[in-house]
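**Student:** Just the structure for this:
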Amino acid sequence: MSDAAEFLERLWGDGFHSLCARRPGGQFRFVAVDATPGELLARAGDLDGEDVWFGLHGMGAAPERRGGDADVTSVVALAADLDWHDPDRHKGADLPSEDEVRTRVRTLGSELTPLIVVETGGGLQCYWPLTVDVGPDDGAALQAALDAQLATVGLVNERGDLASVLRLPGTFNMKAEPVEVVIAAFRPGGYTPEYLRKRLPSVTARARSRAHGGGYVNDLAAIHAALDAAGRHQDLEALIALGKHHGAHSPFLATDGGLYVTRPGKPAGTSASIGNVAPGVVKVFSGAWPPFRQNGRYTADEIIDLAREDRSARGDAPPHTDDDAPADEERRRSSRNLPEEFWTARPELDRIRTAAHARARSADAVLGAVLARVSMLTPPTLRVDTGVVIPAPVNTYVGLVAQSGGGKTSAAAVARDLVPIERDDLVVDMPLGSGEGAVELFYEWQLEDQPDGKRTKVKRRTRTGVLLTLDEGQALTELGGRNGAVLLPVLRTAWSGETVGMTNAREETKRRLEAHTYRLSFIVGFQAAAAGALLADQERGTAQRFVLFSTVDPTIPDASPRWPTEPVLDQVPPTIPGQMITVDPAVAAEIRLRALQVARGELVLDPLDAHRDQSRARVGALLAVLAGRQGVTVDDWRLAGMILDTSDAVRRWVLDTNATVENELEDARTRAAIKRQRLAAKALDDDVHTRAVIGGARAMARVAHRQPGETVTRRDLSRATAGKHRHEADPDEMIAYAEQMTWIRADGDGWVAGAARPA
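**Tutor:** Model (predicted):
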């Protein structure tokens, strides 16, 4: 079952997995396996002579029978069960032939080829592993899209629900003559959800059924009430201790009485890896919870003590109590979306949200694009004076981060309608090319009269502002990574408003933007992986200059609201040349205190927070401009803080997602290396065995040829071989090879020299 073990390791997710078996003509039997692939295989090994199926996706609790879609908590791969027609079993069924099934799978092409294919004896079971687990709703949507794609090539997935059970490689299909279930293809790699969404048709996922399972409760108040009624207060306390000390989150109570939490880096509702499996007993499913061992069982008291000891050993401060950090504040800081109180704080913010929701786009993402456009309408000389360092321009870099592959470009389009820009001195929505190209956009060709009476085309700076856009943020790191590229240094300098450009020998080819005479802002759309690459550029400071907004918005209503009738921005407040945007004295004092603490070594900031106060001041200034003012108030600072907190939450999600993907890639690389080593060892073993057979056969043949015409016994032949040959191969194999080569031939009870001599 070694192939089955590798198969399950690649597709295994946290949680319970169904194991289903049936003897020919008998009833189905079900067990729930909540540990490792090895345990499932061990149980399957006891089912000789039976059909065996397994549940692909992890479930939050032990299901009834095989479970239902509502029990699934994480999706690790897409799957399709593609039967071909069998006259004995499919009478009257309209199924393709075996050749048609195989041909139609190939027509999916290299872009959507299944990476794992299992032959069941009655069809193919194909798998598309994902590079990162997704929640059940996303998983159901992807599975429905895949099924629709299969239908376009004439294939029907017989097992489209998430809780379907599939044949286990290494077992036998017992429906007719026993046929072994074998792995026909096992290709490396995996598909990212974003990749699949772009290539699969857009369909509505089927409702997640609870037909096979009892479901679960995730309302915290209901969990408290249920545990109080059962006298199990300590159980919940143990899991909350994990949440405060190790990042566990989103507890839910299954109908079997088990209480579960999700591990760090996983979305709520997926990969429940800590479970209260019996009153007072907690089980750890995952190995991602030091100092707890995988599959270890602990009492609630032990969990609390271990968590406390581990935190103390790491020198962490005691966990906050509810009095120290109110629950709503904690939720606000961890949310990747701005809170309701932000949108209702001002009419212009409410109008931005209404417009975004009218177009079914994320209000956060539209707000980010609006702020970048508002920055373009302010004169380049207008800067924010916080009293620390030099006054900062309001050049604004916005990152629109897509969790599920959509909404980046369209969110920017909504912002264009909300804040139209039609000025000759501004260039907006220009795609990014290079650092030199960004500066070049401030210049135009013009015809000028020369002393000799001729008119010559020359480049002259005619523009005061440029708004750059980039739909796919991956191109930003690729463009910036080219040899000799100055793109990222130019962007970093331009964010600060300092002098940028190229000083060439010829006057007509010089391109130079003097400090604080230009406005340059930037809107970039990122997938999580590309945003992770940006955040990795911490030392040089590119990442710190972006404010991140999520393109996912759970608050978009079903019914479309009306587009706002009033404008978001009537006009930019008039400014006097050289005038600064001031900040409230209380805000200035807060910024100065933090700067002093850093300068004195009393406070060490995360590298990604190095420019946080400056970014917050810029956002506060833009919120003031939206409100028709030219000074940052305490309320502007408060609202800007909400935006930066939300940006931090998006950043943490990106880092956690990329860490999870990298860990999974590393696991895959490790498994691939182990497989290569195993194959190399097998090849070496085969080679050693073959040499032993040939070497021993030659030695046997020489004995017979030294005694022409005389019969030699098996013992004589065996004694002629070297010990190393007998250790690696059986003498009977050597004799058979020597006979095949006609070096010897059988003669009665012995052998004599054959027609050919060994070399």
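**Student:** For the stretch 201-350 of the chain, give me the ranges with low pLDDT.
**Tutor:** 203-260, 262-282, 285-296, 300-301, 303-334 (pLDDT under 70).
**Student:** again, only this time at 50
**Tutor:** 206-216, 255-256, 267-271, 311-333 (pLDDT under 50).
**Student:** Can you report how many residues lie near Pro188?
**Tutor:** Pro188 sits with 12 neighbouring residues when counted by other C-beta atoms under 10 Å. In this view, the C-beta of every residue, glycine as well, is placed from N, C-alpha and C.
**Student:** I'd like the distance between it and Tyr195.
**Tutor:** 16 Å (C-beta to C-beta, to the nearest Å).
**Student:** tell me the SS of the most centrally placed residue in the chain?
**Tutor:** Centroid-nearest residue in the chain, with C-alpha atoms, centre = their mean: Val132, separated by 4.4 Å. Here Val132 is strand, with the state taken from DSSP: H, G, I helix; E, B strand; the rest coil.
**Student:** I'd like to know how far it sits from Leu593.
**Tutor:** From Val132 to Leu593 the distance is 41 Å (C-beta to C-beta).
**Student:** what's the answer for Asp81, then?
**Tutor:** Taken as C-beta to C-beta, the span from Asp81 to Leu593 is 64 Å.
**Student:** More neighbours: which of those two?
**Tutor:** The neighbour comparison of Asp81 against Leu593 (other C-beta under 10 Å) goes to Asp81, with 20 against 12.
**Student:** Now the more buried one: which helix or strand?
**Tutor:** Per DSSP states H and E: Asp81 is located in strand 75-83.
**Student:** Show me what counts as buried in the helix or strand that that strand is followed by.
**Tutor:** Remark: after strand 75-83, the chain's next helix or strand is helix 98-106, criterion DSSP H and E. Across helix 98-106, burial judged by 16 or more other C-beta atoms under 10 Å covers 101-102, 104-105.
**Student:** same question, stretch 338-348
**Tutor:** 338, 342-343, 345-346, 348.
**Student:** Run a quick neighbour tally on Ala77.
**Tutor:** If we define neighbours as other C-beta under 10 Å, then Ala77 has 23 of them.
**Student:** Same check on the one 5 residues further on?
**Tutor:** Here the number of neighbours of Leu82 (other C-beta under 10 Å) works out to 24.
**Student:** That one: what's it in contact with?
**Tutor:** Leu82 sits next to 101, 105, 123-126, 150, 155-158 when contact means C-beta atoms under 8 Å, 6 or more residues apart in numbering.
**Student:** If it is in a bridge, with which residues?
**Tutor:** Leu124 (DSSP bridges).
**Student:** can I assume Gly631 is in contact with Gln579?
**Tutor:** No - with contacts counted by C-beta atoms under 8 Å, Gly631 stays clear of Gln579, the gap being 10.6 Å.
**Student:** quick one: which of the buried residues of stretch 338-348 is nearest to Arg757?
**Tutor:** Ranked by distance to Arg757 (C-beta to C-beta), these are led by Leu338 at 89.1 Å.
**Student:** tell me the contacts of the closest one?
**Tutor:** By C-beta under 8 Å, 6+ apart, the neighbours of Leu338 are 363-364, 367, 642-643, 646.
**Student:** Which of those residues ranks first by neighbour count?
**Tutor:** Per-residue neighbour counts (other C-beta under 10 Å) across the contacts of Leu338 peak at Asp364, which has 29 neighbours.
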